[in-house]
Every structure is written in structure tokens, then in C-alpha cells.
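Colleague: Dropping a prediction and its sequence here:
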Amino acid sequence: MKYSIGIDLGGTDIKAGLLSSDGKLMYRVVVSTHVNEGAKAIAKRIATDDSSGTFTGTSQN
């Protein structure tokens, strides 16, 4: 099965989702953007699944 990801980088929140090839939302995360921390911190937040709970997702199965 193939999957797609989508990332919505907003001024308040970063939202990301994993979708199956038939369009079913499999997983999603929403975290605060914290724009005051700068671009490098935002990019790190997008790329990192932080075990501290920053990226807690909801299974949509």
C-alpha cells in the first residue's frame, strides 16, 4: 500500500497527516508552531517525532 503525507504550516499550529492510497486518514498530529522560536526550530519541530509528547497523534483506523 502506498501512503501520502500532508503538512499544513500555519502561524498558530503545524498539522500533519498520513493518508492511505484510498484517502483514509491513518494518523495525524497537531502541534503549536511557536513562530517566535524562528525557522530552524520550526523545521526541527516538523522533522522530529519528539518522545516528550510534543507529537502525540491520534490513530484514525
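Modeller: On my side now, so go ahead.

Colleague: any idea which helix or strand carries the residue positioned nearest the centre of the chain?
Modeller: To find the centre residue of the chain, average its C-alpha atoms and take the closest one (Cα atoms, centre = their mean): that gives Ala16, at 3.0 Å. Taking DSSP states H and E as the criterion, the element that holds Ala16 is strand 13-20.

Colleague: I'd like the next helix or strand past that strand.
Modeller: strand 25-32.

Colleague: Can you get me the start-to-end distance on stretch 5-17?
Modeller: Start-to-end span of stretch 5-17 (Cα to Cα, to the nearest Å) is 6 Å.

Colleague: Check stretch 18-25 too.
Modeller: Across stretch 18-25, the straight-line distance between its terminal residues is 6 Å, by Cα to Cα.

Colleague: And for stretch 5-13?
Modeller: Using Cα to Cα, the gap from the first to the last residue of stretch 5-13 comes to 17 Å.

Colleague: Show me what it is in contact with.
Modeller: Contact partners of stretch 5-13, identified using Cβ atoms under 8 Å, 6 or more residues apart in numbering, comprise 14-19, 30-33, 35, 42, 46. Where you see a C-beta, it was placed from the backbone N, CA and C, and this is true even at glycine.

Colleague: Just give me the neighbour total for Val30.
Modeller: Each residue near Val30 was counted by other Cβ atoms under 10 Å, and the total is 16.

Colleague: Please look at it and Lys15 and confirm they touch.
Modeller: Yes - the pair Val30 / Lys15 is scored as a contact, 5.0 Å apart, by Cβ atoms under 8 Å.

Colleague: Quickly run through the sheet partners of the strand holding Ala16, with directions.
Modeller: strand 3-9 (antiparallel), strand 25-32 (antiparallel) (DSSP bridges).

Colleague: Check which residues of the last one are buried.
Modeller: The one in question is strand 25-32. Neighbour counts using 16 or more other Cβ atoms under 10 Å place Met26, Val29, Val30 of strand 25-32 among the buried residues.

Colleague: State the next helix or strand along the chain beyond that strand.
Modeller: On the C-terminal side of strand 25-32, the nearest following helix or strand under DSSP H and E is helix 39-47.

Colleague: Now tell me which helix or strand of this protein has the poorest mean pLDDT.
Modeller: For the chain, using mean pLDDT, DSSP states H and E, the weakest element among its helices and strands is strand 58-59, scoring a mean of 48.
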